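> mind folding the following:
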Amino acid sequence: MLGYVIQRLLQSVLVMLAMSALVFVGVHAIGNPIDVLISPDATQDIRAEAIRRYGLDLPLWQQYLAFLGRLLRGDFGTSFVFGMPVLELILSRLPATLELALAAVLAGTLIGVPLGIYAGYRPDGILARGIMAVSVLGFSVPTFWVGLILILTFAVNLGWLPAGDRGPVMEVFGVGWSFLTLEGLSFMLLPALNLSLFKLAMMIRLSRAGTREIMLTDTVKFARAAGLSDLTILRRHVLRLIAIPIVTVFGLELGSTLAFAVVTETIFNWPGVGKLIIDSITALDRPVMVAYLVLVAFLFVTINLVVDLSYALLDPRLRRGGAAA
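This next block holds a predicted model:
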């Protein structure tokens, strides 16, 4: 097991190094932030001083090495626009995105997996067909359109829920959370619902496919011959056997939701990391853009590492294979 963990850690370090280089070069190729930060009427001396102050006069490879040196110290630089450390800026917005992503993925998983198992267990039933129809809608309808419809229906026409913003928060250890207050939950409900529809559809499809496959195996036939009830079979055998793909999708969806909740946060004016990166792209705030993309890459590498280690715990064959390698 130790050899398997070391192998995965080394792979993760190499992937992060490659991704940091790609991100740094890519972001520095999309525009010159001086054109946004400095007035067009500024003199050449002022422009040259700004370029020197931000370190943009150095060759790209020197800028990258300087970035890596700061990165190893936990320093992502200072935002051109906000004038504060980038890591501090991102961390101040992260709780809003984190609670929204967790609510969406947990809701999609806790509701979608039981529905998918039922649809796979009774594939010809009316309820199962209705569940699959919902999953089709979840995949087909664009997120921005669903968000606008939710706002129009529940905020504008019915007036039940707020249309946007985060609302009041309760601070715990200096971090504000919306879900700890009833009013904060009301602000959180529509964006979380909007984010969770695609996750719900994916979990339904995944669970149904796994259940249909496992119900035809000898394991289930022997369990029925032993006199086990259908509920026991579904709980002890089916759910356990489909756990690996569910763990994989849960981890990847949590990572993608944290990284790319941009549309939902923009529609609902949710002050999270997604809204921050949109504002940074508009202003060509390079330090924020680079730090965000590097952290996204780190997030996915970490999630994949955790998923791989979870595989090893769920399937002993992987531990033996990693040790042999």
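> just give me the neighbour total for the nearest residue to residue 259 once chain neighbours are set aside.
The shortest distance from residue 259 to any non-neighbouring residue, by C-beta to C-beta, 6 or more residues apart in numbering, is to residue 296 (4.3 Å). To be clear about C-beta, it is placed using only N, CA and C from the backbone, and glycine gets the same treatment. Using other C-beta atoms under 10 Å, residue 296 has 19 other residues around it.
> how near is residue 296 to residue 117?
32 Å (C-beta to C-beta, to the nearest Å).
> how about the strands in the chain?
Applying DSSP state E to the chain gives strands spanning 170-172, 175-177.
> of these, which approaches residue 132 most closely?
Shortest distance between residue 132 and those, using C-beta to C-beta, is found for strand 175-177: 35.5 Å.
> how far off centre is that closest one?
In terms of C-alpha atoms, centre = their mean, to the nearest Å, the centre of strand 175-177 is found 19 Å from the chain centre.
> give me the sheet partners of that strand and which way each runs.
With DSSP bridges as the test, strand 175-177 is paired with strand 170-172 (antiparallel).
> ok, and what's touching the partner strand?
By C-beta atoms under 8 Å, 6 or more residues apart in numbering, the residues outside strand 170-172 that reach it are 176-177, 180-181, 184.
> greatest separation within those residues: which pair is it?
That would be 176 and 181, which, of the contacts of strand 170-172, are the farthest apart (C-beta to C-beta) at 9.9 Å.
> okay, and the common contacts of the two?
Contact criterion C-beta under 8 Å, 6+ apart; residues shared by residue 176 and residue 181: 169-170.
> any idea how far residue 188 is from residue 182?
Between residue 182 and residue 188 the distance is 11 Å, computed by C-beta to C-beta.
> who's more crowded, the two?
Neighbours of residue 182 and residue 188, each counted by other C-beta under 10 Å, are more numerous for residue 188; the result is 24 against 9.
> residues in contact with the nearest residue to that one once chain neighbours are set aside?
Here the nearest residue to residue 188 in space, its sequence neighbours aside, is residue 178; by C-beta to C-beta, 6+ apart that works out to 4.8 Å. Residue 178 is in contact with 96, 99, 166-169, 184-185, 187-188, counting by C-beta under 8 Å, 6+ apart.
> could you check how far residue 178 is from residue 166?
If you go by C-beta to C-beta, the gap between residue 178 and residue 166 works out to 6 Å.
> spit out the residues that contact those two alike.
With contacts defined as C-beta under 8 Å, 6+ apart, the residues shared by residue 178 and residue 166 are 96, 184, 187-188.
> between those, which is nearest residue 292?
residue 96 (14.5 Å).
> distance of the closest residue in space to that closest one that isn't next to it in sequence relative to residue 279?
Nearest residue to residue 96, sequence neighbours excluded (C-beta to C-beta, 6+ apart): residue 272, at 4.0 Å. Distance from residue 272 to residue 279, counting by C-beta to C-beta: 11 Å.
> I figured residue 298 was touching residue 15, is that so?
No. Counting by C-beta atoms under 8 Å, residue 298 does not reach residue 15; the two are 9.6 Å apart.
> show me how this protein divides into domains.
As recorded under automatic domain parsing, the domains making up the chain are 1-80+284-325, 90-273.
> any chance of these in TSV, with mean pLDDT too?
Supplementary listing: these in TSV, determined by pLDDT from 0 to 100:
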stretch	mean pLDDT
domain 1-80+284-325	76
domain 90-273	83
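> just name the most buried of those domains.
Highest mean neighbour count of the domains of the chain: domain 90-273, a mean of 18 (counted as mean count of other C-beta atoms under 10 Å).
> for residue 64, give me its contacts.
21, 24-25.
> quick one, phi psi at the residue nearest to residue 186 when sequence neighbours are not counted?
Residue nearest to residue 186 in three dimensions, not counting chain neighbours: residue 161, with 5.6 Å by C-beta to C-beta, 6+ apart. Per-residue torsions, residue 161: phi -130, psi 150 (degrees, to the nearest 10).
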